[in-house]
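> I'll drop the sequence and a predicted model, then ask my questions.
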Amino acid sequence: MKNRIITLTIFLIVGLLLIFGSSYAIWYLTLEQETTNILTTDCLDIAFEEGDAITLNNAYPMAIEEVREFVKTAKPYKFKIRNMCQSPTNIYINLETLEPNGKRLKDEYINSILYDGKIEIFDIDQDNSYENAECLIDNPEEIPKLDNATNSYNLMVFSLGLREEREFNLLLYMNEMTPTTEDTMNAIFESKIVVTADYVPEYQFISTIKEKVKKIIFQNTMNPFEGENVVFASDKGLGIPNTMNYVVKDDANYILYIQTNGTFKFPENSSYMFSGFRNLVSIEGLEYIDTNEVTTMSSMFYNCNNLTSLDLSNFDTSQVTYMNSMFYNCNNLTSLDLSNFDTSQVIYMKSMFERCNNLTSLDLSNFDTSKVTSMGSMFKECNNLISLELSNFDTSQVIYMKSMFYNCNNLTTLITIKNQNSKKYLSMFYNAATAEGTQITVNYTSESSDLVDQMIATKSASSNVIKVTLVS
């Protein structure tokens with residue numbers, strides 16, 4: 001009976017609570033989780049160490065031979081950038097020009113050289129960075145970060161891995177295009193280096209993994225990898241949507257497998273897609289790639305200096321406008337098939353094949369260059385290139401042709417120059433066609449005749465570059 005009373009009492013109390021709660025509140029029960037959920041953020045932080053600023057008094061315009069001597073003794077501005085966090089970081093080095101307290105020397109009269117900061121003395125026989133000196137206005141323009149800056153020019157973009165650092169030296173000098181007029185006398189040029197960084201998600205390949213990859217294989221079916229040999233797995237990888245990416249260790253080598261069901265839809269901006277795979281020897285499955293929406297292929301294979309062959313004949317490039325530095329420093333490339341490239345929309349081909357110094361032949365007869373404005377350094381340092389087919393090149397819109405055939409000493413080719421407004425052709429034929437039996441033939445129009453004479457004047461004494469046929 002006692003048990004029965006207790007039970008009834010409890011029932012009545014609960015019943016009262018229910019009735020009371022229905023009028024004034026919701027009846028509920030709270031339990032507390034015994035463990036703690038923790039979410040921490042990563043950091044974005046870089047260290048910037050700098051030396052003394054550049055002070056160059058009594059500066060004067062310098063030709064290329066004078067620059068060779070200048071870089072041997074000039075004191076550079078030295079700085080170091082260190083990634084302080086555990087995530088990869090994109091680094092942007094800009095030079096921002098300031099308004100001086102006095103007459104201003106125009107930006108277009110200043111060249112910059114940015115080179116490896118670990119070099120104490122500039123060895124021109126080992127490092128020809130001085131030949132790559134850019135006039136400031138030839139660099140991409142950015143929005144200034146400093147309140148008192150007038151212009152901002154991007155000198156370099158690169159990535160720093162976890163806790164990585166890089167050192168740089170910067171030299172500035174007046175280029176030979178500077179006129180000796182009242183406007184340039186007693187003038188002042190002031191500038192500051194500005195370094196900015198942005199976060200690279202950890203799913204992107206850090207340099208320590210990237211540089212170990214010997215082979216990339218595109219597979220058009222999903223077939224997951226598992227096991228202790230899988231050192232990386234992500235659905236992001238190179239930024240190609242709807243893919244799974246696996247880095248699999250094979251002895252001391254790494255193989256990157258990129259998988260999808262069907263074709264690989266490359267993004268509109270596919271610049272730097274394979275950049276930094278320094279030990280990459282081969283890419284398989286390129287026939288599964290769809291590039292019909294890609295507009296930018298800049299630096300796509302930049303520094304893939306162990307690739308030996310590439311067949312890109314299936315690439316749809318009909319929408320591409322930027323191909324600058326696309327194969328820069330692919331210096332072991334011996335075979336390159338671009339036979340189906342549609343370049344009708346391309347405006348920028350600067351340094352496209354620069355330092356591909358194991359290519360012996362290149363057929364670009366299918367290239368439509370009617371919209372191209374920049375061919376500077378396009379074949380620079382291709383010193384084993386023997387045959388180059390440029391018969392259909394249209395140079396009518398080209399402004400920038402500096403160092404286009406620089407050091408192509410084994411080259412025999414023909415090019416027709418139709419542009420008459422190019423003002424940037426320094427070193428265009430320097431050390432080109434110097435080997436026995438080689439010759440670069442230049443055809444011209446009546447409008448471009450004088451310009452062609454000036455371009456050919458950039459050749460070396462031993463270069464066989466000749467002006468031949470007047471064309472309509």
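Yep, it's here. Numbering: from 1, shown residues only.
> pLDDT of stretch 270-286, averaged?
For stretch 270-286, the mean per-residue pLDDT is 91.
> how far out from the middle of the chain is it?
Mean-position distance between stretch 270-286 and its chain equals 13 Å (Cα atoms, centre = their mean, to the nearest Å).
> Can you give me the end-to-end span of that stretch?
Start and end residues of stretch 270-286 are separated by 14 Å (Cα to Cα, to the nearest Å).
> which parts of it are buried?
Applying a neighbour-count criterion of 16 or more other Cβ atoms under 10 Å, the buried positions in stretch 270-286 are 270-281, 283, 286. C-betas here are computed from N, CA, C, even on glycine.
> Any idea how many residues pack against residue 243?
Other residues near residue 243 number 21, with proximity taken as other Cβ atoms under 10 Å.
> try residue 116
For residue 116, the tally of surrounding residues (other Cβ under 10 Å) stands at 12.
> Residue 221 too?
Look at residue 221: counted by other Cβ under 10 Å, it has 9 neighbours.
> Setting the sequence-adjacent residues aside, check what's closest to it.
Spatial nearest neighbour of residue 221, chain neighbours left out: residue 261 (6.2 Å); criterion: Cβ to Cβ, 6 or more residues apart in numbering.
> repeat for residue 338
Excluding its sequence neighbours, the residue lying closest to residue 338 (Cβ to Cβ, 6+ apart) is residue 312, at 5.9 Å.
> got the contact list for the one you found?
Shown here is residue 312, whose contacts under the criterion Cβ atoms under 8 Å, 6 or more residues apart in numbering are 286, 336, 337, 338, 341.
> Quick check: it vs residue 333, distance?
According to Cβ to Cβ, to the nearest Å, residue 312 and residue 333 sit 12 Å apart.
> Look at the residue nearest to residue 229 when sequence neighbours are not counted and say how many residues are nearby.
Leaving aside its chain neighbours, residue 229 sits nearest to residue 249 (4.7 Å; criterion: Cβ to Cβ, 6+ apart). Using other Cβ under 10 Å, residue 249 has 15 other residues around it.
> Residue 333 now?
By other Cβ under 10 Å, the residues close to residue 333 number 22.
> From what I see, it and residue 360 are in contact.
No: taking contacts as Cβ atoms under 8 Å, residue 333 lies outside contact range of residue 360: 10.4 Å.
> about what we covered before: so of the buried residues of stretch 270-286, which two are at opposite extremes in space?
Between any two of those, the greatest separation by Cβ to Cβ is 22.3 Å, found for 271 and 281.
> Quick check: pLDDT value at the nearest residue to residue 402 once chain neighbours are set aside.
If you skip the residues right next to it in sequence, residue 402 has residue 376 as its closest partner in space, 4.4 Å away by Cβ to Cβ, 6+ apart. Turning to residue 376, the model gives it a pLDDT of 92.
> Residue 268 and residue 302: what is the separation?
Distance of residue 268 to residue 302, computed by Cβ to Cβ: 18 Å.
> Have a look at those two and say which one is more surrounded.
When residue 268 is set against residue 302 and neighbours are counted by other Cβ under 10 Å, the residue ahead is residue 302, at 22 against 11.
> any idea how far the more buried one lies from residue 422?
Applying Cβ to Cβ, one obtains 26 Å for the distance of residue 302 from residue 422.
> still on that earlier bit, and of the contacts of residue 312, the nearest to residue 430?
Within the contacts of residue 312, the smallest distance to residue 430 is 24.1 Å, found for residue 336 (Cβ to Cβ).
> Now do the contacts for the closest one.
Listed by Cβ under 8 Å, 6+ apart, the contact set of residue 336 reads 309, 310, 312, 327, 356, 359, 362.
> export those to TSV and tack on secondary structure?
As requested, the contacts of residue 336 are exported to TSV (DSSP: H, G, I helix; E, B strand; the rest coil):
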residue	secondary structure
309	strand
310	strand
312	coil
327	coil
356	coil
359	coil
362	strand
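> Narrow these to just the buried residues.
Among those, those scoring as buried are 310, 312, 327, 356, 359, 362 (criterion: 16+ other Cβ under 10 Å).
> did I read that right, residue 66 in a helix?
Yes: per three-state DSSP, residue 66 lies within a helix segment.
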